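Undergrad: Sharing a model prediction with you, sequence too.
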Amino acid sequence: MSSDYYLPTDHGFAVVQDMDDGTKKVMVCDAVVGGEPQNVYAIHFKCTSLRVGPGVRMERAGTSSHTRRVVEVFSEERGVVNLRALRRGTSPILEAEARRR
């Protein structure tokens, strides 16, 4: 089944940190300032595979990376986290917030 069929569990900026055990921690937050997540409201632990969809731009900051805009974040199977660009027209409030940044 295509990831297009999975509903996002969260919308926000995604911050990805590499962990010592080789997995990744993906945090979803309101903003990123100086590479640091602000107001984290969801965390995906033990991510073994990160799938970054077309149109999602990542920026490196120290030992982590983060999305440059608000994205959809969801997991379709254990250990796999997907980052997908917002679809136009699906969330006017988040799109306005993303354009502001």
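TA: In hand now; what should we look at? In this text the structure is predicted, and so the values were computed from the model without any measurement. Residues are numbered from 1 along each chain as shown.
Undergrad: and the residue lying closest to residue 46 once chain neighbours are set aside, how far is that from residue 44?
TA: Spatially, and ignoring its direct neighbours in sequence, residue 46 is nearest to residue 23 (4.9 Å; Cβ to Cβ, 6 or more residues apart in numbering). Just so you know, the C-beta spots here come from the backbone N, C-alpha and C atoms, and that holds for glycine as well. With distances taken as Cβ to Cβ, to the nearest Å, residue 23 is found 10 Å from residue 44.
Undergrad: of the two, who's got more company?
TA: The neighbour count for residue 23 versus residue 44, taken as other Cβ atoms under 10 Å, is higher for residue 44 (23 against 17).
Undergrad: Span of stretch 64-82 from start to end?
TA: End-to-end distance for stretch 64-82: 17 Å, by Cα to Cα, to the nearest Å.
Undergrad: sorry, that was for stretch 66-81
TA: Length of stretch 66-81, first residue to last, Cα to Cα: 14 Å.
Undergrad: which ones are touching the residue nearest to the spatial centre of the chain?
TA: The chain has residue 14 as the residue nearest its centroid, 3.0 Å off, counting by Cα atoms, centre = their mean. With contacts defined as Cβ atoms under 8 Å, 6 or more residues apart in numbering, the neighbours of residue 14 are 26-28, 66-67, 71, 73, 83.
Undergrad: one step back: let me know the pLDDT of the residue nearest to residue 46.
TA: pLDDT for residue 23: 96.
Undergrad: That one and residue 47 touch, don't they?
TA: Yes. Counting by Cβ atoms under 8 Å, residue 23 touches residue 47, with 5.7 Å between them.
Undergrad: which residues are common contacts for the two?
TA: residue 79.
Undergrad: Which phi and psi values does residue 22 adopt?
TA: phi 90, psi -10 (degrees, to the nearest 10).
Undergrad: nearest spatial neighbour of it, skipping sequence neighbours?
TA: residue 48 (7.9 Å).
Undergrad: on that earlier part again, buried residues in the helix or strand where the residue nearest to the centre of the chain lies?
TA: Per DSSP states H and E, residue 14 falls inside strand 10-18. Using 16 or more other Cβ atoms under 10 Å as the test for burial, strand 10-18 gives 10-17.
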